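# just need the structure, nothing else, for what follows:
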Amino acid sequence: PSSGAAPDAAPGAVPAAGRQLLSEALALVDPTLAGAPAKTPQPSVGSALHHVRQCNPCAHFWKDRGCTLGAQCDHCHLCPEGELRRRKKERSAAAKVQRAAGRV
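Purely as a prediction, here's the structure:
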């Protein structure tokens, strides 16, 4: 009867495949429990105007795969997660007010 563990593994040790599955499961519950460090904003070329809010937030930086362009990205990596959506909603609300003002 084989337990599935390597013969030289310590009793009760979790095989590598099991650790990977556990890590992925923990990431679904709380990304900080998976052992991967929390993502921190990193400056990019597009971050130059961040301090005056004239930057364009990167749509990919906060996603799991991240931004493939890294520091060379023309979009801002310093904006907080959700900033792109927040600004879009802000523009949409302003446009709605403009349309409503035009109907009066």
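# from here on, just use CA atoms for contacts and neighbour counts.
Fine.
# list the contacts of the biggest helix by length in the chain.
As assigned by DSSP state H, the longest helix anywhere in the chain is helix 83-103. The contact list for helix 83-103 (Cα atoms under 8 Å, 6 or more residues apart in numbering) reads N56, P57, C58, A59.
# save those as JSON lines, and put in pLDDT, distance to L84 and secondary structure too.
JSON lines is the format used below for the contacts of helix 83-103 (pLDDT from 0 to 100; distance: Cα to Cα, whole Å; DSSP: H, G, I helix; E, B strand; the rest coil):
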{"residue": "N56", "pLDDT": "94", "distance to L84": "8", "secondary structure": "coil"}
{"residue": "P57", "pLDDT": "94", "distance to L84": "6", "secondary structure": "strand"}
{"residue": "C58", "pLDDT": "94", "distance to L84": "7", "secondary structure": "coil"}
{"residue": "A59", "pLDDT": "93", "distance to L84": "7", "secondary structure": "coil"}
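# how about CSV for the residues you listed, with neighbour count and distance to T68 added?
CSV is the format used below for these (neighbours: other Cα atoms under 10 Å; distance: Cα to Cα, whole Å):
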residue, neighbour count, distance to T68
N56, 18, 16
P57, 24, 15
C58, 24, 11
A59, 17, 11
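# save those as TSV, and put in distance to Q42 too.
Listed next are these as TSV, based on distance: Cα to Cα, whole Å:
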residue	distance to Q42
N56	14
P57	12
C58	11
A59	14
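# low pLDDT regions in the chain?
Confidence mapping of the chain against pLDDT under 70 gives the ranges 1-38, 104.
# neighbours around C79, how many?
Burial measure for C79: 22 neighbouring residues, criterion other Cα atoms under 10 Å.
# CA atoms of the longest helix of the chain as CSV?
Output in CSV follows, covering the C-alpha atoms of helix 83-103 (Å, rounded to 0.1, in the frame of the first residue of the first chain):
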residue,chain,number,x,y,z
GLU,A,83,-9.1,53.6,-10.3
LEU,A,84,-9.8,53.0,-13.9
ARG,A,85,-13.4,51.8,-13.2
ARG,A,86,-13.9,54.7,-10.7
ARG,A,87,-12.9,57.3,-13.3
LYS,A,88,-15.1,55.7,-15.9
LYS,A,89,-18.1,55.8,-13.6
GLU,A,90,-17.2,59.5,-12.8
ARG,A,91,-17.2,60.4,-16.5
SER,A,92,-20.4,58.5,-17.1
ALA,A,93,-22.1,60.4,-14.3
ALA,A,94,-20.9,63.7,-15.6
ALA,A,95,-22.1,62.9,-19.1
LYS,A,96,-25.5,61.9,-17.6
VAL,A,97,-25.7,65.3,-15.9
GLN,A,98,-24.8,67.0,-19.1
ARG,A,99,-27.5,65.2,-21.0
ALA,A,100,-30.1,66.0,-18.3
ALA,A,101,-29.1,69.7,-18.4
GLY,A,102,-29.6,69.7,-22.1
ARG,A,103,-33.2,68.5,-21.8
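# all good on my end, thank you.
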